[in-house]
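got a sequence here, can you model it:
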Amino acid sequence: MQEVRQEHFYNIGVSYKKADANTRGKFSLSLENQKLLLALAKEKGFDGVFILSTCNRTEISGFAQRPCQLIELLCEFSEGTIQEFAKVSNVYKDQEAIQQLFRIGTGLESQILGDYEIVGQLRQSFKMAKALQTTNAYTERLINSVLQASKRVKNETRLSSGTTSVSYAAVQYLVKNLPDYNSKNILVFGLGKMGKHTCKNLAEYTQNKQVCLINRTEEKATEFVKEHASIRKALIENLAEEVAKADVLIVSTGANRPTITTAHISKNKELLILDLSMPENVAKNVTDFKNITLVNVDELSKITDETLAIRQQEVPLAEAIIETHKSEFNSWLNHRRFTPAIAALKQSLENIKKDEINFQKKKIANFDEDQAELLTSRFIQKITTQFVKHLKDEETSVSQSLQVINKVFQS
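This is a model prediction of the structure:
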């Protein structure tokens, strides 16, 4: 009989809970490196693998014999080491890994409770992994269950009530900490999802008409300002000049290294810099200039208000929804897990039935083959039903089940 490999489903990674922004930046994976990692995982025979890399977390989920196999992949394609990972990591196995993904997908693990931006990121990450053929039926069913739970949490609870995100927190920081924020020159550098949300939040929550936008791809900025007349566009070539004019610089670029350095900064002018990027895109040494204040993602995420208090009350409702969908997934999982053992048992019993009916046909005159077929089929169904109950009660592994059937029915 073929040996069944004892693999487990793991979720390994780092998040804001144990790792600061600088450490998370080391383990952050660019889109290109995510694709390279998945290609190597496929080449090495890992199954069901997908990656989630955001400003708050970098995690790999998938099947392996040992978690260190996935950890080595992460460290190979990031700047982090295995030793650093060990100090700040999370390693979840089987049911804990399933629970972790449900919590992430419903906003319970977000740095700002209930922030649902993670749902789109999870969907896109899995879509990419599927296109690269590193997913499997298990992870596809799991992610579908997570997304269903997420939709229900969003629609049936107030876990995402109010407007709270890192981009929203950035604007709230300005409102609370910057006198005359409506008259300040604000420069937004980078027009990814975070940059767009920041610009929209500035328009919605302030009356500031002195917002300038710079993006590396000019066409995107041109399209965006057409829909937002109060925002001015500038060219990437004029970045240093626009920084010199600014009172506030909001950086939301998606580079792997700093896009704002001391070369862009004027020594003698006060400037508040909000870095919404991960890894951080503002060089740390800009704070060597006395007039510079630098605030990163972690500091912005500490902003709390009545909204978060309301959201906290909704956590039990969200957890109840998770339990429902997790239970459905585990029922499917159990059925799938036991299928090889049940199929093997049924086949063995069918072979016995066939031999016995053929024997009795020869031995008994006017043997009622149809009646015998009906009766023995009912026996087989009842036996297999009892066997399924046994498997569930005993939580017997598939390999053990197959070994038992093989021993009992081998000729």
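
and the closest residue in space to Leu271 that isn't next to it in sequence, what's its pLDDT?
Distances taken as Cβ to Cβ, 6 or more residues apart in numbering place Ile292 nearest to Leu271, at 5.5 Å, with adjacent residues excluded. No exception for glycine: its C-beta is placed from N, CA and C like everyone else's. Ile292 carries a pLDDT value of 92.

please state the offset of stretch 64-81 from the chain centre?
The chain centroid and the centroid of stretch 64-81 are separated by 17 Å under Cα atoms, centre = their mean, to the nearest Å.

how about the strands in the chain?
Secondary structure of the chain by DSSP state E: the strands cover 8-15, 47-53, 57-64, 89-93, 186-189, 211-214, 231-234, 248-251, 271-275, 292-295.

quick one, the longest helix belonging to the chain and strand 8-15 angle?
In the chain, with assignment by DSSP state H, the single longest helix is helix 315-363. When axes from the mean of the first three to the mean of the last three Cα atoms, to 10 degrees is applied, the directions of helix 315-363 and strand 8-15 differ by 170 degrees.

in the stretch 301-411 of the chain, where is pLDDT below threshold?
Within the stretch 301-411 of the chain, the segments meeting pLDDT under 70 span 303-307, 392-399, 401-402, 410-411.

stretch 363-373: end-to-end distance?
16 Å (Cα to Cα, to the nearest Å).

buried stuff in that stretch?
Going by neighbour count (16 or more other Cβ atoms under 10 Å), the buried part of stretch 363-373 is Ala372.

now do stretch 104-120
Buried, per 16+ other Cβ under 10 Å, within stretch 104-120: 104-119.

just stretch 55-71 next, same as before
So for stretch 55-71, counting by 16+ other Cβ under 10 Å, buried means 55-64, 67, 69-71.

please apply the same query to stretch 338-355.
Buried, per 16+ other Cβ under 10 Å, within stretch 338-355: 338, 341-342, 344-346, 348-349, 353.

related to what we said a few turns ago, go through the buried residues of stretch 104-120 and flag which are in helices.
Using DSSP H, the buried residues of stretch 104-120 in helices are 104-105, 117-119.

got those as TSV, with distance to Ile214 columns?
Formatted as TSV, those follow (distance: Cβ to Cβ, whole Å):
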residue	distance to Ile214
Ile104	33
Gly105	34
Glu117	23
Ile118	27
Val119	29
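
turn the residues you listed into TSV, including pLDDT and distance to Ile321.
As requested, those are exported to TSV (pLDDT from 0 to 100; distance: Cβ to Cβ, whole Å):
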residue	pLDDT	distance to Ile321
Ile104	96	14
Gly105	96	11
Glu117	81	19
Ile118	88	16
Val119	90	14
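
of the residues you listed, closest to Asp247?
Glu117 (27.4 Å; Cβ to Cβ).

separation between Ala64 and Ile98?
15 Å (Cβ to Cβ, to the nearest Å).

now do Lys362
54 Å.

so which of those two has more stuff around it?
Ile98 (23 against 7; other Cβ atoms under 10 Å).

quick check: that one vs Thr134, distance?
Using Cβ to Cβ, Ile98 is found at 18 Å from Thr134.

do Lys233 as well
39 Å.

more neighbours: which of these two?
Thr134 (23 against 17).

enumerate every residue touching that one.
38, 41-42, 46-50, 62 (Cβ atoms under 8 Å, 6 or more residues apart in numbering).

got it, and Ser230?
Ser230 neighbours (Cβ under 8 Å, 6+ apart): 203, 209, 211.

bridged to the last one, which residues?
When bridges are called by DSSP bridges, Val211 pairs up with Ile186, Ile231.

so it sits against Cys199, correct?
Yes - taking Cβ atoms under 8 Å as the definition, Val211 is a contact partner of Cys199 at 6.7 Å.

now do the shared contacts for those two.
Counting by Cβ under 8 Å, 6+ apart, the residues touching both Val211 and Cys199 are 188, 231.

so what does the longest helix of the chain touch, helix or strand wise?
helix 95-105, helix 137-156, helix 369-394, helix 398-409 (3 or more Cβ pairs under 8 Å, 6 or more residues apart in numbering; DSSP states H and E).

that helix vs helix 369-394, what angle?
Angle of helix 315-363 versus helix 369-394, following the same axes, to 10 degrees, is 150 degrees.

and the angle for helix 315-363 with helix 137-156?
140 degrees.

distance of the closest residue to Leu101 other than its chain neighbours from Val119?
With sequence-adjacent residues excluded and distances taken as Cβ to Cβ, 6+ apart, Leu101 is closest to Val146, at 5.4 Å. Taking Cβ to Cβ as the measure, Val146 falls 9 Å from Val119.

again with Ala19
Relative to Val119, and taking Cβ to Cβ, Ala19 is found at 22 Å.

do the same with Ile51
Distance from Ile51 to Val119, by Cβ to Cβ: 16 Å.

could you list the low-confidence segments of the stretch 51-200 of the chain?
Those would be 161-164, if you go by pLDDT under 70 across the stretch 51-200 of the chain.

now with 80?
The stretch 51-200 of the chain contains residues with pLDDT under 80 at 116, 160-165.

need the strands of the chain in TSV (columns: distance to Asn406).
Output for the strands of the chain, formatted as TSV (distance: least, Cβ to Cβ, whole Å):
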stretch	distance to Asn406
strand 8-15	23
strand 47-53	24
strand 57-64	24
strand 89-93	28
strand 186-189	65
strand 211-214	68
strand 231-234	70
strand 248-251	62
strand 271-275	60
strand 292-295	64
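
how about JSON lines for the helices and strands packed on helix 315-363, with distance to Ser252 added?
Shown next, in JSON lines, are the helices and strands packed on helix 315-363 (distance: least, Cβ to Cβ, whole Å):
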{"stretch": "helix 95-105", "distance to Ser252": "22"}
{"stretch": "helix 137-156", "distance to Ser252": "24"}
{"stretch": "helix 369-394", "distance to Ser252": "50"}
{"stretch": "helix 398-409", "distance to Ser252": "48"}
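
just say which of those is most tucked in.
Highest mean neighbour count among the helices and strands packed on helix 315-363 (mean count of other Cβ atoms under 10 Å): helix 95-105, with a mean of 20.

would you pull up how far that helix lies from the middle of the chain?
With Cα atoms, centre = their mean as the basis, the mean position of helix 95-105 lies at 9 Å from the chain mean.
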